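K.L.:
I need the structure of the sequence given here:
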Amino acid sequence: MRTDSSPGTLPAREHLPAGDAGTPVLDVVVPVYNEEKDLRPCVLRLHEHLTRTFPYAFRITIADNASTDTTPQVAARLEAEIPEVTNFRLEQKGRGRALRTVWSASDAPVLAYMDVDLSTDLNALLPLVAPLISGHSDLAIGSRLARSSRVVRGPKREFISRAYNLILRGSLQARFSDAQCGFKAIRRDVAQVLLPLVEDTGWFFDTEMLVLAERAGLRIHEVPVDWVDDPDSTVHIVKTATDDLKGVWRIGKALTTGSLPLDRLTRPFGDDPRDREIKDVPKGLARQLVGFCVVGGLSTLFYLALYSVFRQFSGSQLANALALLVSAVANTAANRRLTFGVRGRGGAVRHQAQGLVVFGIGLALTSGSLAALNAATSDPAHSTELAVLIAANLAATVLRFLLFRAWVFPDRGDCAEGPTAVAAHRASSPAHSTVIPQRTGPYAPLPQRPAPHQTRTAYDTTTQFRAGEAADGTWRDATMRLQPVRTHDTDPRDAR
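P.N.:
Prediction:
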């Protein structure tokens, strides 16, 4: 998929190089709202697990969504006690807003999040992020609906979860199995381009992110998880389900109209360096042929139906010209969108003008065939006319595909490269300052976990900021380049 206004595509995935550097490899975000009781046990358990099992440097980020209880104080104490823990305070609620804000500012090459109740077995965390570190996948999700998953929860939540995923499969053709499991990870280079396209700031954030990633052809890795339902969950099921259905409608409409620039998320053909050296290989030829044949078959049926209608009140030449003209406009529009993946209105007039030139060639072939038939017999049968027109259209179809591919919709993806946005994270404390070493690849070498004896100065106060703004003001500019301001980010009706 591509659009004429695309700034470029993602680079090929690469394994993060091993080595020693100052930036954590993994940043695990824990969004919280009024979780004064569960926050400390969650962070301590997660930190102990990562210290014991994760071989590289990591960070745990507490994303406080405008809590009104003592959650900010608990987060501040954890930040002061544990070097790998940092605390961000957001003045607006919404899990999606928290994830987009923190992920956009993080300097870690792999970003993850999990719910504060730790319903998911932490043994799935390393299998979750390993495909992202290796360069195999772009996103990773925990799945409670995989056959090998072990799940303990009530029938009500089980029914809602499965019904929701059936809706996603039926309406948005989603192929991932579990959209709402609070256990996901994403590569930072993907997040920098994907997150500005995600509009939702609440619970639908996960689904929207996954649908857009899947439609763009990104690779989503699924990990079966062991999951135990939290009976004290504060999620409002009815409101969340209503908002999710509204989100499904919004995304479905955007995908239908082609208003989303998903082409900027595409990966090059083949991630092996040898594949990138191959020159002059047609890209997507098989898919384009299938799409063109389907559109062509439907267009032929449409053309024949129009010809039969116009033939009732006009001669064969006029009926052929009118039917071919109408079907040619529809054929060009369908091939533009479905076969060659051109989205948006940019260049639509030029494409239709070029399509009319192709139409002229088809008109010459079909009109010439009719003229030859009329010269051979004075009163040909209607079925004979249709047979001649079908043969002429087959010849015109082959020529139309070649002209469409080489002239009307040429692949200019290699020329549409744009700058890659990078978000720099700078904390207000020297303990969190990072130094990015000089490098030649897309990432610095993987940093190893610091020695146990390393300590840091305790924090006296909790770092506070609003969504999109850091305490020192340095993050705000980077964030503004990554995500446009949306009016509903400050919607007072958002109660999450």
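K.L.:
where's stretch 26-41 relative to the chain centroid, distance-wise?
P.N.:
26 Å (Cα atoms, centre = their mean, to the nearest Å).
K.L.:
check stretch 149-163 too.
P.N.:
26 Å.
K.L.:
now do the buried residues in that stretch.
P.N.:
149, 151, 161 (16 or more other Cβ atoms under 10 Å). Glycine gets a C-beta too; all of them are placed from N, C-alpha and C.
K.L.:
so which strand or helix has the last one?
P.N.:
In this structure, residue 161 sits in helix 155-172 according to DSSP states H and E.
K.L.:
which element, helix or strand, includes residue 78?
P.N.:
Residue 78 belongs to helix 71-81, assigned by DSSP H and E.
K.L.:
helices along the stretch 251-400 of the chain, start to end?
P.N.:
273-276, 285-310, 316-334, 348-376, 382-403 (DSSP state H, counting those that start in this stretch).
K.L.:
go on, the stretch 51-200 of the chain?
P.N.:
Under DSSP H, counting those that start in this stretch, the stretch 51-200 of the chain gives helices at 71-81, 95-105, 125-134, 155-172, 188-194.
K.L.:
lowest mean pLDDT across the ones you listed, which one is that?
P.N.:
When the helices of the stretch 51-200 of the chain are compared by mean pLDDT, helix 155-172 comes last with a mean of 77.
K.L.:
show me what it is packed up against.
P.N.:
helix 205-215, helix 237-257 (3 or more Cβ pairs under 8 Å, 6 or more residues apart in numbering; DSSP states H and E).
K.L.:
contacts for the shortest one?
P.N.:
Around helix 205-215, the neighbours that count as contacts under Cβ atoms under 8 Å, 6 or more residues apart in numbering are 1, 94-97, 99-100, 138-139, 141, 168, 172, 174-176, 179-180, 184, 186, 190, 194-195, 197-200, 220, 244, 247-248, 251, 255, 260, 262, 265.
K.L.:
can you tell me the centre-most residue of this structure?
P.N.:
residue 213 (2.2 Å; Cα atoms, centre = their mean).
K.L.:
returning to that earlier point: could you dump the helices of the stretch 251-400 of the chain into JSON lines with mean pLDDT, mean neighbour count and distance to residue 204 added?
P.N.:
JSON lines is the format used below for the helices of the stretch 251-400 of the chain (pLDDT from 0 to 100; neighbours: other Cβ atoms under 10 Å; distance: least, Cβ to Cβ, whole Å):
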{"stretch": "helix 273-276", "mean pLDDT": "48", "mean neighbour count": "10", "distance to residue 204": "36"}
{"stretch": "helix 285-310", "mean pLDDT": "83", "mean neighbour count": "16", "distance to residue 204": "30"}
{"stretch": "helix 316-334", "mean pLDDT": "85", "mean neighbour count": "19", "distance to residue 204": "31"}
{"stretch": "helix 348-376", "mean pLDDT": "83", "mean neighbour count": "16", "distance to residue 204": "31"}
{"stretch": "helix 382-403", "mean pLDDT": "81", "mean neighbour count": "16", "distance to residue 204": "40"}
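K.L.:
distance to residue 30 added to those helices, as CSV?
P.N.:
CSV is the format used below for the helices of the stretch 251-400 of the chain (distance: least, Cβ to Cβ, whole Å):
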stretch, distance to residue 30
helix 273-276, 37
helix 285-310, 41
helix 316-334, 47
helix 348-376, 46
helix 382-403, 53
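K.L.:
out of the contacts of helix 205-215, which end up buried?
P.N.:
1, 94-97, 99-100, 138-139, 141, 168, 172, 174, 176, 179-180, 184, 186, 190, 194-195, 197-200, 220, 244, 247-248, 251, 255, 260, 262, 265.
K.L.:
alpha carbons of stretch 173-184, as CSV, please.
P.N.:
The C-alpha coordinates for stretch 173-184 follow below in CSV (Å, rounded to 0.1, in the frame of the first residue of the first chain):
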residue,chain,number,x,y,z
GLN,A,173,-10.6,-8.7,9.0
ALA,A,174,-8.2,-8.8,11.9
ARG,A,175,-6.1,-12.0,12.1
PHE,A,176,-4.5,-11.5,15.5
SER,A,177,-6.2,-13.5,18.3
ASP,A,178,-6.4,-11.2,21.3
ALA,A,179,-6.6,-7.4,21.0
GLN,A,180,-7.2,-6.4,24.7
CYS,A,181,-4.7,-8.5,26.6
GLY,A,182,-2.6,-6.0,28.7
PHE,A,183,0.7,-7.5,27.7
LYS,A,184,2.3,-6.0,24.5
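K.L.:
ok now it, how far from the chain's centre?
P.N.:
13 Å.
K.L.:
nearest residue to residue 45 other than its sequence neighbours?
P.N.:
residue 118 (6.4 Å; Cβ to Cβ, 6 or more residues apart in numbering).
K.L.:
so how many other residues sit close to that neighbour?
P.N.:
20 (other Cβ atoms under 10 Å).
K.L.:
if I read this right, residue 321 contacts residue 360, doesn't it?
P.N.:
No. Between residue 321 and residue 360 there is no contact, the gap being 10.4 Å when judged by Cβ atoms under 8 Å.
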